[in-house]
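In: Give me a 3D structure for the following:
(one chain, ligands or ions: 1)
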Amino acid sequence: MHSEAIAHPNIALIKYWGNREQALRIPANGSISLTLGGLDNRMSVRFDGELKSDTLVINEAPAAPKMVERATKHLDLLRIMADVADRAELVSETNFPLGAGIASSAAAFAAITVAAASALQMELSPEELSRIARRGSGSAARSIQGGFVELLAGDSDQTSFAQQIAPEDHWSIIDLVVIVDEKMKHTGSSTGHALAASNPLQQSRVADAPRRLQACRSAILERDFASLIQIVERDSDMMHAIMMTSEPPLHFWTGATLQVMAAVRELRADGVSVCYTIDAGPNVHCLCLPESESDVLQALASNENASWNVLRAQVGPAAQVV
Ligand code: PMV
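Out: So this is what the prediction gives:
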């Protein structure tokens, strides 16, 4: 029983931060993302009755016990559904840095879900796969789908899943990911989500989410880039305001993060249509249209801190068996 899948990370345009229900990862608010083509997690899953426990190798190195534990917990969901007890050997290869705010867990749990379901010969719809992926990592629910994707917050396991707003070829947005730091982030998002609920600012952020989701959805459907970048940048800053004012506070931005944010604002002041958005890490996603890509790259390269590595992603496809 073996299968392989490729899944992509995604970048949230409207962020998910905080859970309504922690154990099932029912998010406090809905979220919207772009699936990131060009950044791949290729996951092989082999179930084997001879194995004593699940194993996980990531980019040729054995994964930390905590990660294996999390993968086991996720595989258990699928094993129970398929009524199979076999342990599995997981081998993952990625072409982007892990744990640095590039939604590596989203790609990983989407890939495990799709590969394991296929290996176990389960016939599951994208909606069912998305619900299962959500249990591994909330944002993984979105990586099941390609293109422009919305994770419906819902209020139960059944009603919380991702659906496509527009397909991959709807709009050629480019994500230039400025890697200011390749190291693993110090606080994982699972810990971060748990801190959000006790932050008084979170209530306002969640209450206002339907407005931001609607603005983002309309901007996508109308291909209105000026409106999109306005709401995306605001939403990212709002999430980081929650992070920074949690107890204990989470500060993911570094000096270099702020320099890239300033460079993006300067570009905009010069008439280039671009915005930044930042997940739970220091790296900065710069979103632009193809006609602005060279201006953005040039500005990043001519910055006094020009040693940054820039990854390029475009709107990508759904997670799929290969
Ligand atoms: O899926 P998680 O638990 O890693 O949470 C993702 C949180 C953010 O990346 C910061 C926002 C998002 O919506 O992807």
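In: show me where pLDDT drops low in this protein?
Out: The chain contains residues with pLDDT under 70 at 99-101, 103, 184-186, 305-306.
In: The ligand contacts on that one?
Out: Contacts of the chain with the ligand, taken as CB under 6 Å from any ligand atom, map to 12, 15-17, 31, 103, 105-106, 137-139, 189-190, 193, 279-280. Every C-beta, even on glycine, is put in place using the N, C-alpha and C of the backbone.
In: hmm, who's touching whichever helix or strand residue 231 is part of?
Out: Assessed by DSSP states H and E, residue 231 sits inside helix 225-244. Residues outside helix 225-244 that contact it (CB atoms under 8 Å, 6 or more residues apart in numbering) are 13-15, 17-18, 173, 192, 196, 199, 201-202, 205, 212, 215-216, 218-220, 249-253, 273-278, 280, 287, 289.
In: Among those, which lie within strands?
Out: Judged by DSSP state E, strands contain the following of those: 13, 14, 274, 275, 276, 277, 287.
In: which two of the residues you listed lie the greatest distance from each other?
Out: The two members of the ones in strands among the contacts of helix 225-244 with the most space between them (CB to CB) are 14 and 274, at 18.1 Å.
In: mind checking which helix or strand residue 130 is in?
Out: Assigned by DSSP H and E, residue 130 falls in helix 126-136.
In: counting contacts, what elements does that helix pack onto?
Out: For helix 126-136, the packing partners by 3 or more CB pairs under 8 Å, 6 or more residues apart in numbering; DSSP states H and E come out as helix 65-82, helix 104-119, helix 140-143, strand 162-166.
In: Which residues belonging to it are considered buried?
Out: 126, 128, 129, 130, 131, 132, 133, 134, 135, 136 (16 or more other CB atoms under 10 Å).
In: Just the CA trace of it, in PDB.
Out: Extracted in PDB, the C-alpha atoms of helix 126-136 (Å, rounded to 0.1, in the frame of the first residue of the first chain):
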ATOM      1  CA  PRO A 126     -11.800  17.300  -2.100                       C
ATOM      2  CA  GLU A 127     -14.200  18.500   0.600                       C
ATOM      3  CA  GLU A 128     -13.500  15.400   2.800                       C
ATOM      4  CA  LEU A 129      -9.800  15.500   2.200                       C
ATOM      5  CA  SER A 130      -9.800  19.200   3.200                       C
ATOM      6  CA  ARG A 131     -11.600  18.400   6.500                       C
ATOM      7  CA  ILE A 132      -9.100  15.800   7.300                       C
ATOM      8  CA  ALA A 133      -6.100  18.000   6.300                       C
ATOM      9  CA  ARG A 134      -7.500  20.700   8.600                       C
ATOM     10  CA  ARG A 135      -7.000  18.400  11.600                       C
ATOM     11  CA  GLY A 136      -3.300  18.300  10.900                       C
END
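In: gap between it and the chain center?
Out: 14 Å (CA atoms, centre = their mean, to the nearest Å).
In: orientation of that helix relative to helix 104-119 in degrees?
Out: Angle, helix 126-136 to helix 104-119, by axes from the mean of the first three to the mean of the last three CA atoms, to 10 degrees: 130 degrees.
In: ok, and what's touching helix 126-136?
Out: Helix 126-136 is contacted by residues 24-25, 70, 73-74, 77-78, 81, 105, 108-110, 112-114, 117, 124, 140-145, 151, 157-158, 160-163, 318-319 when judged by CB under 8 Å, 6+ apart.
In: For PyMOL, what selects the buried ones among those?
Out: Of the contacts of helix 126-136, the buried ones go into a single PyMOL selection, burial set by 16+ other CB under 10 Å:
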select buried, resi 25+70+74+77+78+105+108+109+110+112+113+114+117+124+140+141+142+143+144+145+151+157+160+161+162+318+319
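In: May I see the buried residues of the helix holding residue 231?
Out: Under 16+ other CB under 10 Å, the buried positions of helix 225-244 are 225, 228-229, 231-233, 235-236, 238-240, 242-243.
In: Looking at those residues, which is nearest the ligand?
Out: residue 239 (6.4 Å; CB to the nearest ligand atom).
In: so residue 11 makes contact with residue 176?
Out: No - using CB atoms under 8 Å as the test, residue 11 is too far from residue 176 to be in contact (10.9 Å).
In: These two: who's more crowded?
Out: Set residue 11 next to residue 176 and count neighbours by other CB atoms under 10 Å: residue 11 wins out with 27 against 22.
In: most surrounded residue in the ones in strands among the contacts of helix 225-244?
Out: Neighbour counts for the ones in strands among the contacts of helix 225-244, by other CB under 10 Å, peak at residue 13, which reaches 30 neighbours.
In: Now do the contacts for that one.
Out: Residues near residue 13 by CB under 8 Å, 6+ apart: 32, 33, 34, 216, 220, 228, 231, 232, 235, 277.
In: same thing but at 10 Å, please
Out: With contact taken as CB atoms under 10 Å, 6 or more residues apart in numbering, residue 13 is in contact with 31-34, 148-150, 173, 212-213, 216-217, 219-220, 228-229, 231-233, 235-236, 275, 277, 285, 287.
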